[in-house]
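[1] After the sequence you'll find the predicted model.
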Amino acid sequence: MALTRPDGSPLRVLVVDDEVNIAELISMALRYEGFEVATAHTGSKAVAAAKTFRPDSVVLDMMLPDFDGMEVMRRMRSSDPGVPVLFLTARDSVEDRVAGLTAGGDDYVTKPFSLEEVVARLRALMRRTGAHEAAPSSVLVVGDLLMDEDSREVTRDGADISLTATEFELLRFLMRNPKRVLSKAQILDRVWNYDFGGQANVVELYISYLRKKVDAGREPMIHTMRGAGYVLKPATADAG
């Protein structure tokens, strides 16, 4: 079940970590789960972002270059007293954990962590603080391309497209991130669940399989961004 705001819009999460790669990885995992995400890499930028973005929850690194996570949380809560905070830290001592929770943090994950754990803790946190559970639509739509995630049926302009299990997962990832350039490493990690280790050719191979089924004889939707990755977007005729 998808978690939403009371009006049905996506929940907003502010991710704060001075390590840009970690912030981006967490953000990608949360966007994939349907959250709206903003990032900040310093305490002062996090406090400023919280005022404009108005997050429903914050993933907050304890160690930041300007001031620590507990000070960031104090400043955020001066304007939004109830915002739940999930602390991240490289420290794993009981004292540090207790200090974070005593200061008002709602939960605590130590580095290194799994993205699944961060997402699960965050979902549990937001359920406890009153997020609504909404039955998600099982149909993804990009232009004239439709995917029913429950029945696993895919059509383009009304014509059925038959996909293997791997092709389906690859297309689903592309359709959940329309108009967003996805690197081969991101695709490998999400679709094949292993690290980027010189296996980029498997991505190229399956993208070519998808193109033959989705784009053959039609305006192309799957585009290669040289040196960056791949992007799925509505065909020009559907873009409006």
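    Cool, got the structure. As the structure is a computational prediction, the values presented were derived from the model and not from experiment.
[2] In this structure, which residue is most central in space?
    Among the residues of the chain, Arg31 comes closest to the average C-alpha position under C-alpha atoms, centre = their mean, at 2.2 Å.
[3] so which strand or helix has that residue?
    Counting by DSSP states H and E, the secondary-structure element that holds Arg31 is helix 20-32.
[4] need the helix or strand of this protein with the lowest average pLDDT.
    For the chain, counting by mean pLDDT, DSSP states H and E, strand 132-134 ranks last in confidence among helices and strands (a mean of 47).
[5] ranges for the helices of this protein?
    Taking DSSP state H, the helices of the chain run over residues 20-32, 43-53, 69-79, 94-102, 115-128, 165-176, 184-187, 200-214.
[6] what about the second one, average pLDDT?
    Looking at helix 43-53 alone, the average pLDDT works out to 94.
[7] what's the angle between that helix and helix 69-79?
    Between helix 43-53 and helix 69-79, the angle comes out at 30 degrees (axes from the mean of the first three to the mean of the last three C-alpha atoms, to 10 degrees).
[8] Determine the set of other helices and strands touching helix 43-53.
    strand 12-16, strand 36-40, strand 57-61, helix 69-79 (3 or more C-beta pairs under 8 Å, 6 or more residues apart in numbering; DSSP states H and E). No exception for glycine: its C-beta is placed from N, CA and C like everyone else's.
[9] list the helices and strands the third one packs on?
    Other helices and strands packing on strand 57-61, by 3+ C-beta pairs under 8 Å, 6+ apart, are strand 12-16, helix 43-53, helix 69-79, strand 85-89, helix 115-128.
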